[in-house]
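Asker: sequence and predicted structure, then a few things I'm wondering about:
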Amino acid sequence: MTPAARVQAAAELLDAIRAGQRAEAALTAWGRRARYAGSGDRAAVRDLVYDALRRRRSYAARGGGESGRALMLGRLRARGEAPEAVFTGARHAPAALTEAERAAGRAPAGAEALDLPDWLAAAFRESFGPEEAEAAALALRDRAPVHLRANLLRTDRAGAAEALAAEGIATRPVATAATALEVTEGARRVARSRAFAEGLVELQDAASQAVVAALPLAPGARVLDFCAGGGGKTLALAARLGRPVAAHDALPRRLADLPARAARAGAEVEILPEPEAAAPFDLVLCDAPCSGSGSWRRDPEAKWRLSPARLDELAATQDAILDRAAALVAPGGHLAYATCSLLGPENDARIAAFRARGPGWRVVETRRWRPGPEGDGFYLCVLKGALRAIKATQGCFSA
Ligand SMILES: C[S@@+](CC[C@H](N)C(=O)[O-])C[C@H]1O[C@@H](n2cnc3c(N)ncnc32)[C@H](O)[C@@H]1O
């Protein structure tokens, strides 16, 4: 495919997405139809589509509309590239620009330039001040790096880098976490590499790794990953602890791949459909469902889908998770609440509400990671419970 044909394909896909199709579904369907497209074409079209989804609002302003064609036009203008070189009207290329299209478009302003809906630009500012809010929003307009976690049950970071290099995959250490590597060359080969198949590395964002590294883990601790999902943090916890970790999720199908992933990683994971039966735990991690605002680079459609009403729904789920998980913590144990969100209503506000509902929890540490080249945006709050049960048996009721 010519570069112009790729732009035309991306414009058509963006129209399908605008009409309601999910980006992944649209790309998969196109991939089946476009038998003429090689792997380089497919990767290039995917990159165009995802870039336009991340920067939809600013491209729309510059391109003079929301259609796929306008977004591609806006993209070229944003990059200072001559649209006429692409909109040629040649076979498979976009039709030549009309007079109206040439005249349309303007520089984006305010929330448009940050590629955020207006209400979210305000929410970002309220969550962490104007300057940091702008930096975070701008970081979300770029493609996310590919990060790996060196699995300490199999190797160390240098050993993982060496094994990958032997397969032509270049990496560099990422400062965010001692186990993190960024793939600088050969990212598309990682999932088929021997290093991956043998459990030397896992695909995991560096900030996600840093969250696990920041958890208080005493040797021999009984640990529950309460919202385990695909098990990314469960496996990182098991590698750090070097002993079995318990995993739970409200949706058991989310845990379906975890046994195979654990076997590959040499980790022991015990799946608990009813964690109450195995409580108490010294540490319960709640990696709660959230807006995902810290990782919108990877899922840019979510940025445009989120609404204030959905944020309220998420807050109710997050509160329920904290309340149930807290009851599973041993007296004097730790409760850790994490989200990959940048938004105060999902983070500090949830902790404040939790502590107001159930006093006796002390905040030990709060950490925030902002999105950027070194990782996604994350929030972590570690709380320590009172020694209630012990004191109660000793006849002392003041926690
Ligand atoms: C952010 S994801 C977890 C990602 C995972 N920890 C990882 O690192 O790969 C949140 C998970 O919480 C689960 N979840 C949602 N509501 C829940 C609830 N009430 N109790 C427990 N898990 C819940 C979801 O099914 C989802 O898998």
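Answerer: That came in fine, so what should we check first? A quick note: this is a predicted structure, and the numbers were derived from the prediction, not measured. Residues are numbered from 1 along each chain as shown.
Asker: quick one, phi/psi of the residue of the stretch 51-200 of the chain found nearest the ligand?
Answerer: Residue nearest to the ligand within the stretch 51-200 of the chain: Arg149 (10.8 Å; C-beta to the nearest ligand atom). Heads up, the C-betas are built off the backbone N, CA and C, glycines and all. With angles defined as degrees, to the nearest 10, Arg149 sits at phi -110, psi 120.
Asker: show me what contacts it?
Answerer: Ala177, Thr179, Ala180, Leu181, Val201, Glu202, Leu203, Gln204, Gln209, Ala236, Ala239 (C-beta atoms under 8 Å, 6 or more residues apart in numbering).
Asker: try Val245
Answerer: By C-beta under 8 Å, 6+ apart, the residues touching Val245 are Val223, Leu224, Asp225, Thr234, Leu237, Ala238, Ala267, Glu268, Val269, Glu270.
Asker: likewise Glu112?
Answerer: Glu112 neighbours (C-beta under 8 Å, 6+ apart): Arg57, Ser58, Ala60, Ala61.
Asker: what ranges does the protein have for its strands?
Answerer: Along the chain, the stretches classed as strands by DSSP state E are 147-150, 170-173, 180-185, 201-203, 223-225, 245-247, 269-271, 281-287, 329-339, 361-369, 378-385.
Asker: got the ones you listed as JSON lines, with mean pLDDT columns?
Answerer: Below are the strands of the chain laid out as JSON lines (pLDDT from 0 to 100):
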{"stretch": "strand 147-150", "mean pLDDT": "98"}
{"stretch": "strand 170-173", "mean pLDDT": "98"}
{"stretch": "strand 180-185", "mean pLDDT": "98"}
{"stretch": "strand 201-203", "mean pLDDT": "97"}
{"stretch": "strand 223-225", "mean pLDDT": "98"}
{"stretch": "strand 245-247", "mean pLDDT": "98"}
{"stretch": "strand 269-271", "mean pLDDT": "97"}
{"stretch": "strand 281-287", "mean pLDDT": "98"}
{"stretch": "strand 329-339", "mean pLDDT": "97"}
{"stretch": "strand 361-369", "mean pLDDT": "97"}
{"stretch": "strand 378-385", "mean pLDDT": "97"}
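Asker: any chance of those in CSV, plus distance to Ala4?
Answerer: Output for those, formatted as CSV (distance: least, C-beta to C-beta, whole Å):
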stretch, distance to Ala4
strand 147-150, 33
strand 170-173, 31
strand 180-185, 27
strand 201-203, 33
strand 223-225, 48
strand 245-247, 49
strand 269-271, 49
strand 281-287, 43
strand 329-339, 42
strand 361-369, 39
strand 378-385, 40
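Asker: and the longest helix seen in the chain, does that touch the ligand?
Answerer: Assignment by DSSP state H gives helix 308-326 as the longest helix of the chain. Yes - using C-beta under 6 Å from any ligand atom, helix 308-326 reaches the ligand at Thr317, Ala320, Ile321.
Asker: ranking by neighbours, what's the top pick from the residues you listed?
Answerer: Ile321 (20 neighbours; other C-beta atoms under 10 Å).
Asker: what does the chain put close to the ligand?
Answerer: Going by C-beta under 6 Å from any ligand atom, the residues of the chain near the ligand are 226-233, 249-251, 254, 287, 289, 317, 320-321.
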